[in-house]
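J.: Sequence plus the predicted model coming up.
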Number of protein chains: 2
Amino acid sequence: MAVTSSASPADTPPPGTGDGPVDGASLGEVVELLGLVAAFELDDVPRFAAEAADALDVEGRLAYSRRAGASLARCERVLARIEELGASPVTAMTPFDGAFDDFDDRTQASTWEEEVLREFVGRSVAEDFCRLCAPALDPVSRDVVLGVMEASVADEEAVQQLAEAAAADRVLSARLALWGRRLVGEALRLAQALLTESGTFVHLLTLAREVESDPAAKDAGSDTHTWALRQLTERHALRMRRLGLTA
Amino acid sequence: MAVTSSASPADTPPPGTGDGPVDGASLGEVVELLGLVAAFELDDVPRFAAEAADALDVEGRLAYSRRAGASLARCERVLARIEELGASPVTAMTPFDGAFDDFDDRTQASTWEEEVLREFVGRSVAEDFCRLCAPALDPVSRDVVLGVMEASVADEEAVQQLAEAAAADRVLSARLALWGRRLVGEALRLAQALLTESGTFVHLLTLAREVESDPAAKDAGSDTHTWALRQLTERHALRMRRLGLTA
């Protein structure tokens, strides 16, 4: 069942989406991706709130509570779209409940810098995964996903401080580069699990890749699974370079 | 310095506020009460979020995350008023940061019923304290406080379940009545600490009592401190009776 939508297309279509909406993603597949995005945002609410509880002063408590509130607001935007599509938010999120626990358990940070990088890498890879799938969605759902990804940036200030600290300290820089490789390995493990456990994401990525106009990004010679992991790895490497770290 | 406000009065003034705004509360006193209300709401954000993290399924996780988000939204309404009054939200909340930890530490619940009653009694007494002070505020601040108190009801469904469980089980009912007395004792201890540590709340309560039109509620023969604690105790007793428990 193809998702059709009467809403107007986005003012400026995101790169790689071609000229019009893409047919071929079933309603169930669209809802599955939306469920992943919503669960990802919901997962952050208690995470930020725990940091609020541990904050040393009211300023930190308020800042982290606001991040928790922003995660919930993003989750709600996605849930509203799931409801518009006639599906159940709770049912859509349920398959992904706890999906990020494994990543968390395997990447316990021991310093502030490690924690900032952990959050940055984990979040960025997850967002890239959703961004890669997004062109396969109907325009409204696609805009919801891309809007949420746009708003859901990491703590830029902390990442900037991290880059400055690494630039001033070769030992720290080398240690963080190593930690970054560990982190991306675990994040890709999670992406692989998503690709293996459900045919949906491979199908969405296949559709999304078809409308990719940049030949380098399209990378026609590989299968979808390999293509997706390569895309995620390349985007990660680019980010690490921007931080001054060796990927 | 009297708080003056150009905003229009509320459509329906809350009971006991007389005909017009009350002069006499200083800007600093108004901000102090608003800071208490905001800190009280902010305190609940990590509390509900921790319950979201511990929830057994997505439905519970979403429900508790939404309660955390609603607490933050109420906090923000109060902070916006603090800013309108030209004061700093963080500075206003700081004296009350951690003010509720002592109550929490002293009232560790050992069952679900005890936890529901704990939350209900603690929250209700704190809300009553703010409601008692509210008539002393300028109309806009008063409406913000009463609006937040109005929205900030306890988990009515859980309280209803508790009342039904207690009605069906005399042993449970007796145990909860005892627990309720312990809880209100600790909540009044906190109220007393607020009254003792700052002259602000005694002054606000004195002003609020002056505009009280019901002679019984005005209770003219007692000092403000005694009057306030008696008011809190009576309102608590009324709530416990509604639950079918002996206060």
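T.: Done, it's in. Residues are numbered from 1 along each chain as shown, chains lettered A, B, ... in the order given.
J.: and stretch A:211-226, how far out from the chain's middle?
T.: 20 Å (CA atoms, centre = their mean, to the nearest Å).
J.: next one: stretch A:136-149
T.: With CA atoms, centre = their mean, you get 13 Å for stretch A:136-149.
J.: Ok, stretch A:209-219 next?
T.: Taking CA atoms, centre = their mean, the mean C-alpha location of stretch A:209-219 is offset from the chain mean by 20 Å.
J.: which parts of chain A sit against chain B?
T.: A:39, A:42, A:45-46, A:48-50, A:52-53, A:57-59, A:61-62, A:65-66, A:68-69, A:72-73, A:75, A:89-90, A:93-94, A:97 (CB under 8 Å from any CB of the partner chain). For glycine as for every other residue, the C-beta is placed from the backbone atoms N, C-alpha and C.
J.: and for stretch A:66-75, what are the contacting residues?
T.: A:38, A:41-42, A:44-49, A:51-52, A:148, A:151-152, A:155, B:45, B:49, B:62, B:65-66, B:68-69, B:72-73 (CB atoms under 8 Å, 6 or more residues apart in numbering or on different chains).
J.: Among the residues you listed, which ones are in helices?
T.: A:38, A:41-42, A:44-49, A:51-52, A:148, A:151, B:45, B:49, B:62, B:65-66, B:68-69, B:72-73 (DSSP state H).
J.: Out of those, which end up buried?
T.: A:38, A:41-42, A:44-49, A:51-52, A:148, B:45, B:49, B:62, B:65-66, B:68-69, B:72 (16 or more other CB atoms under 10 Å in any protein chain shown).
J.: What residues of stretch A:93-109 count as buried?
T.: A:M93, A:P95, A:F96, A:D97, A:A99, A:F100, A:F103, A:T107.
J.: mind putting those in TSV, pLDDT and distance to A:E114 included?
T.: Below are these laid out as TSV (pLDDT from 0 to 100; distance: CB to CB, whole Å):
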residue	pLDDT	distance to A:E114
A:M93	97	29
A:P95	94	30
A:F96	94	25
A:D97	91	26
A:A99	87	22
A:F100	87	17
A:F103	90	14
A:T107	93	9
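J.: from these, which is closest to B:E197?
T.: Comparing those against B:E197 with CB to CB places A:F100 closest, at 43.1 Å.
J.: do you know how far the closest one is from A:Q160?
T.: Between A:F100 and A:Q160 the distance is 25 Å, computed by CB to CB, to the nearest Å.
J.: Which strands or helices does the helix or strand encompassing A:V125 pack on?
T.: Using DSSP states H and E, the element containing A:V125 is helix A:112-133. On a contact count with 3 or more CB pairs under 8 Å, 6 or more residues apart in numbering or on different chains; DSSP states H and E, helix A:112-133 meets helix A:27-54, helix A:139-151, helix A:156-167, helix A:170-197, helix A:199-210, helix A:224-242.
J.: List the buried residues of the second one.
T.: Right, the one you point to is helix A:139-151. A:P139, A:V140, A:S141, A:R142, A:D143, A:V144, A:V145, A:L146, A:V148, A:M149.
J.: Repeat that for stretch A:72-79.
T.: A:L72, A:R74, A:C75, A:E76, A:R77, A:V78, A:L79.
J.: Widest-spaced pair of those residues?
T.: A:L72 and A:V78 (10.9 Å).
J.: residues in contact with A:L205?
T.: Residues A:L132, A:C133, A:A136, A:L195, A:T224, A:W227, A:A228 are the ones in contact with A:L205 under the rule CB under 8 Å, 6+ apart.
J.: Next, count neighbours for the fourth one.
T.: Just to be clear, that refers to A:L195. 18 (other CB atoms under 10 Å in any protein chain shown).
J.: One more: the fifth one?
T.: Burial measure for A:T224: 17 neighbouring residues, criterion other CB under 10 Å.
J.: distance of it from B:E114?
T.: For A:T224, the distance to B:E114 - CB to CB - is 54 Å.
J.: Out of the contacts of A:L205, which is nearest to chain B?
T.: When the contacts of A:L205 are compared for distance to chain B (CB to the nearest CB), A:C133 wins out at 20.9 Å.
J.: these two touch, right, the closest one and A:L204?
T.: Yes - proximity of A:C133 to A:L204 meets the contact threshold set by CB atoms under 8 Å, at 4.3 Å.
J.: hmm, back to that, spell out which residues are contacts of both of A:L72 and A:V78.
T.: A:E41.
J.: Could you export the buried residues of helix A:139-151 as JSON lines, including pLDDT and distance to B:G28?
T.: Formatted as JSON lines, the buried residues of helix A:139-151 follow (pLDDT from 0 to 100; distance: CB to CB, whole Å):
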{"residue": "A:P139", "pLDDT": "94", "distance to B:G28": "53"}
{"residue": "A:V140", "pLDDT": "97", "distance to B:G28": "50"}
{"residue": "A:S141", "pLDDT": "97", "distance to B:G28": "51"}
{"residue": "A:R142", "pLDDT": "96", "distance to B:G28": "51"}
{"residue": "A:D143", "pLDDT": "96", "distance to B:G28": "47"}
{"residue": "A:V144", "pLDDT": "97", "distance to B:G28": "45"}
{"residue": "A:V145", "pLDDT": "96", "distance to B:G28": "48"}
{"residue": "A:L146", "pLDDT": "94", "distance to B:G28": "47"}
{"residue": "A:V148", "pLDDT": "93", "distance to B:G28": "42"}
{"residue": "A:M149", "pLDDT": "89", "distance to B:G28": "44"}
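J.: For chain A, which residue gets nearest to chain B?
T.: At 2.9 Å from chain B, A:A49 is the closest residue in chain A, using CB to the nearest CB.
J.: How many neighbouring residues does A:A55 have?
T.: With other CB under 10 Å as criterion, A:A55 counts 17.
J.: What's the local residue count around the closest residue to it other than its chain neighbours?
T.: Nearest non-adjacent residue to A:A55, counting by CB to CB, 6 or more residues apart in numbering or on different chains: A:R61, 4.3 Å away. Using other CB under 10 Å, A:R61 has 25 neighbouring residues.
J.: now do A:D223
T.: Residues near A:D223, counting by other CB under 10 Å: 9.
J.: Same question for A:A208.
T.: Other residues lying near A:A208 total 23 when counted by other CB under 10 Å.
J.: how far away is the residue nearest the centre of chain A from A:Y64?
T.: Geometric centre of chain A, nearest residue: A:E127, 1.6 Å, by CA atoms, centre = their mean. Separation of A:E127 from A:Y64 (CB to CB): 20 Å.
J.: Once you drop chain neighbours, what's closest to A:V37?
T.: In space, and not counting its chain neighbours, A:V37 is closest to A:V78: 5.1 Å by CB to CB, 6+ apart.
J.: what about the one you found, distance to A:G221?
T.: A:V78 is 34 Å from A:G221, by CB to CB.
J.: Repeat that for A:L33.
T.: 26 Å.
J.: more neighbours, those two?
T.: A:L33 (24 against 7).
J.: Run through the residues that contact the more buried one.
T.: A:L33 touches A:C130, A:C133, A:A134, A:L137, A:S141, A:V145, A:T200, A:F201, A:L204, counting by CB under 8 Å, 6+ apart.
J.: Neighbours of A:E157, how many?
T.: Neighbours of A:E157 (other CB under 10 Å): 9.
J.: Likewise for the one 3 residues further on?
T.: Each residue near A:Q160 was counted by other CB under 10 Å, and the total is 12.
J.: again with A:L56
T.: A:L56, neighbours per other CB under 10 Å, totals 8.
J.: got a pLDDT number for it?
T.: For A:L56, the model assigns a pLDDT of 91.
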